[in-house]
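Trainee: When you get a sec, could you give me coordinates for this:
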Amino acid sequence: MTVALLSMSHSPLLEHVDPGPEVSAAVNGAFDQARSFVHDYDPDLIVNFGPDHYNGFFYELMPTFCIGYDAVSIGDYGSQAGPLNVPTDTARSLAGHVLDSGLDTAVSLRMEVDHGAVQPLELMFGDIAAKPVIPIFLNCVAPPFSPLRRIRLFGQAVGRFFAQSDQKVLFIASGGLSHDPPVPRIATATPEQREFLLGGGRHLTPQARDERQQRVITAARDFAAGTATIKDLAPEWDRALMDILASGDLTPLDAWTPDWMTEVAGNSSHEVRTWIAAYSALGASGDYTVNYSFYRPIREYIAGFGVTTATLTA
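Mentor: Sure thing, here's the model as predicted:
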């Protein structure tokens, strides 16, 4: 049994805004550290905990968890489009184990994933199909949200399944940290936005997708200039989360309520659920050590930006 972890913020803005040479160098340095770690580890299988941004999952049916038996990337923001290399039999066995553990999960025989799931695969391996990967969707954008305790327990169940594996497994968490990008909210949506959130945003035309993406790019530039109305980043909150995850005891997170997370760290801070699930999965195999940790609040990316790697304690 060998397991390891990579957690990282993602941003669709990496290739669309310029945070300046110093910040770019720092972020690229963090990616280089992570890439070196991942390639030295050379996993046989990746378990990818990722969110979605109303590209593959909509309010017409919004599961808390979903395990993909097959998956395809839609290629938004210039990310790589096409099929992922999903080991269907292993994914099916994992879903059965999670259900047997008393945790409900949906399954998808044709999951559609966006940049939130594939950006780490592209950055680390250059090709989203380079390694076998089981995509696990966590609802991180559409209230109501599951309590964090359920996220922790779900991660544990996934981790226990792979604790008995003879493969080298890498848990990847993609998302966060504090951020509040301009995503429509169902509670305040216009009739047009509501239709989009219910499923009308699926399979957008190239023109409609470009218009959607340009709104986010414009918001990022306004946020960096201090003229946007979205919620500010929360570096103290980000660092507190990373400290708890590094400690190995995730139970303090059980007290973090969704409403409080939104108020303090933004509507999309819930993407840290991917980090919580992945760290919980790693911890199911034993004590662990964070080998590398990077953090930077980056307004141009509308994100508290973090990268960590972790392995089991020898």
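
Trainee: use CA for all of it now, contacts and neighbours both
Mentor: Will do.

Trainee: Pick out the residue closest to the middle of the chain.
Mentor: Ser174 (2.8 Å; C-alpha atoms, centre = their mean).

Trainee: what's near enough to touch that residue?
Mentor: 7-10, 48-51, 116-117, 120, 271, 274-275 (C-alpha atoms under 8 Å, 6 or more residues apart in numbering).

Trainee: Next, format those as CSV and append distance to Ile67.
Mentor: Formatted as CSV, these follow (distance: C-alpha to C-alpha, whole Å):
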residue, distance to Ile67
Ser7, 19
Met8, 20
Ser9, 21
His10, 20
Asn48, 10
Phe49, 9
Gly50, 11
Pro51, 12
Gly116, 15
Ala117, 13
Pro120, 18
Glu271, 17
Thr274, 13
Trp275, 16
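
Trainee: Among those, which ones are in helices?
Mentor: 116-117, 120, 274-275 (DSSP state H).

Trainee: most neighbours, which of those?
Mentor: Ranked by neighbour count (other C-alpha atoms under 10 Å), the ones in helices among the contacts of Ser174 have Trp275 at the top, with 32 neighbours.

Trainee: nearest residue to it other than its sequence neighbours?
Mentor: Leaving aside its sequence neighbours, Trp275 sits nearest to Ala173 (C-alpha to C-alpha, 6 or more residues apart in numbering; 5.0 Å).

Trainee: A helix includes the one you found, no?
Mentor: No - under DSSP: H, G, I helix; E, B strand; the rest coil, Ala173 falls outside any helix and is assigned strand.

Trainee: Near it, how many other residues are there?
Mentor: The burial count for Ala173: 32, using other C-alpha under 10 Å.

Trainee: Which residues does the worst-scoring helix or strand of the chain on mean pLDDT contact?
Mentor: The helix or strand of the chain with the poorest confidence is helix 206-225; it has a mean of 86 (mean pLDDT, DSSP states H and E). When contacts are defined by C-alpha under 8 Å, 6+ apart, helix 206-225 is touched by residues 13, 16-17, 76-77, 181-182, 228-230, 299-302.

Trainee: redo that, cut-off 6 Å
Mentor: Residues from elsewhere that reach helix 206-225 (C-alpha atoms under 6 Å, 6 or more residues apart in numbering): 228, 299-300, 302.

Trainee: for stretch 183-191, same thing?
Mentor: Contacts of stretch 183-191 (C-alpha under 6 Å, 6+ apart): none.

Trainee: which outside residues touch stretch 141-148?
Mentor: In contact with stretch 141-148 (C-alpha under 6 Å, 6+ apart) are residues Asp254.

Trainee: So for that stretch, what gets flagged as buried?
Mentor: 141-143, 145-146, 148 (16 or more other C-alpha atoms under 10 Å).

Trainee: Please convert those to a markdown table, extending it with secondary structure and distance to Ile67.
Mentor: Below are the buried residues of stretch 141-148 laid out as a markdown table (DSSP: H, G, I helix; E, B strand; the rest coil; distance: C-alpha to C-alpha, whole Å):
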| residue | secondary structure | distance to Ile67 |
| --- | --- | --- |
| Val141 | coil | 17 |
| Ala142 | coil | 18 |
| Pro143 | coil | 20 |
| Phe145 | coil | 18 |
| Ser146 | coil | 16 |
| Leu148 | helix | 18 |
